[in-house]
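Chemist: Sequence isn't available, so here's the structure alone:
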């Protein structure tokens, strides 16, 4: 019976780690910031002097602020302190309406649209070697961590027979 209790405590600790701001920032927030930043940089590079150039700079600014927010949350979590701000600017704005998670989900949707735009436009081929490595690292970190969380949850789910 004690071994079952120890296993449950280890599982709870693992589940708790998946929900910590450090893990969420490192595996979701920061990779999303990288996707946004690379999209903005590519937009500025591909079509300078157009409205897309202005949008690119706005996305770079947005990504930069979100990167600071995610990094701040991760650092505060490591230090055992609770952040008084959200993971991203849209979620922070959502606090005004007491709907930060809705705005965070909208930020996720926008980021997925940015990823799709980079892929379908062919802009992914415009990245420098270093930028490509950043893209690969963000993608790998994001997808592997998502897969680990799903796998963990499925292993922990009771089997219905």
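Modeler: Happy to help now that I have it. Just so we're clear, the structure is a prediction, and the values are computed from it rather than from any experiment. Numbering: from 1, shown residues only.
Chemist: Tell me how far residue 104 lies from residue 135.
Modeler: Look at residue 104 and residue 135: by C-beta to C-beta, to the nearest Å, they are 22 Å apart. For glycine as for every other residue, the C-beta is placed from the backbone atoms N, C-alpha and C.
Chemist: Sorry, slip of the keys, the one I care about is residue 35.
Modeler: Relative to residue 135, and taking C-beta to C-beta, residue 35 is found at 7 Å.
Chemist: go on, residue 20?
Modeler: 25 Å.
Chemist: For residue 85, what are phi and psi?
Modeler: According to degrees, to the nearest 10, the main-chain angles of residue 85 amount to phi -140, psi 160.
Chemist: Now do the contacts for it.
Modeler: By C-beta atoms under 8 Å, 6 or more residues apart in numbering, the residues touching residue 85 are 69, 72, 73, 92.
Chemist: what's the closest of those to residue 150?
Modeler: Comparing the contacts of residue 85 against residue 150 with C-beta to C-beta places residue 73 closest, at 22.8 Å.
Chemist: so the closest one makes contact with residue 91?
Modeler: No. With contact defined as C-beta atoms under 8 Å, residue 73 does not count as touching residue 91 (10.7 Å).
Chemist: buried residues in stretch 38-54?
Modeler: 38, 39, 40, 41, 42, 43, 44 (16 or more other C-beta atoms under 10 Å).
Chemist: OK, contacts around the first one?
Modeler: Taking C-beta under 8 Å, 6+ apart as the definition of contact, the neighbours of residue 38 are 118, 127, 131, 134, 135.
Chemist: Helices of this structure, residue ranges please.
Modeler: All helices of the chain, identified by DSSP state H, fall at 2-19, 21-24, 30-46, 51-78, 89-94, 100-121, 129-156.
Chemist: what pLDDT, on average, does the last one get?
Modeler: This points to helix 129-156. Mean pLDDT, computed over helix 129-156, is 89.
Chemist: how about it: buried residues?
Modeler: Neighbour-count burial for helix 129-156 [16+ other C-beta under 10 Å]: 131, 134, 135, 138, 141, 142, 145, 149.
Chemist: same deal with the fourth one?
Modeler: Taking 16+ other C-beta under 10 Å as the basis for neighbour counts, the residues of helix 51-78 that come out buried are 56, 59-60, 62-63, 66-67, 69-70, 72-74, 76-77.
Chemist: quick one: low-confidence ranges for this structure?
Modeler: For the chain, the stretches with pLDDT under 70 are 1-11, 161.
Chemist: One more pass at 90, please.
Modeler: Applying pLDDT under 90 to the chain flags residues 1-20, 23-24, 47-53, 145-161.
Chemist: Nothing else from me, thank you.
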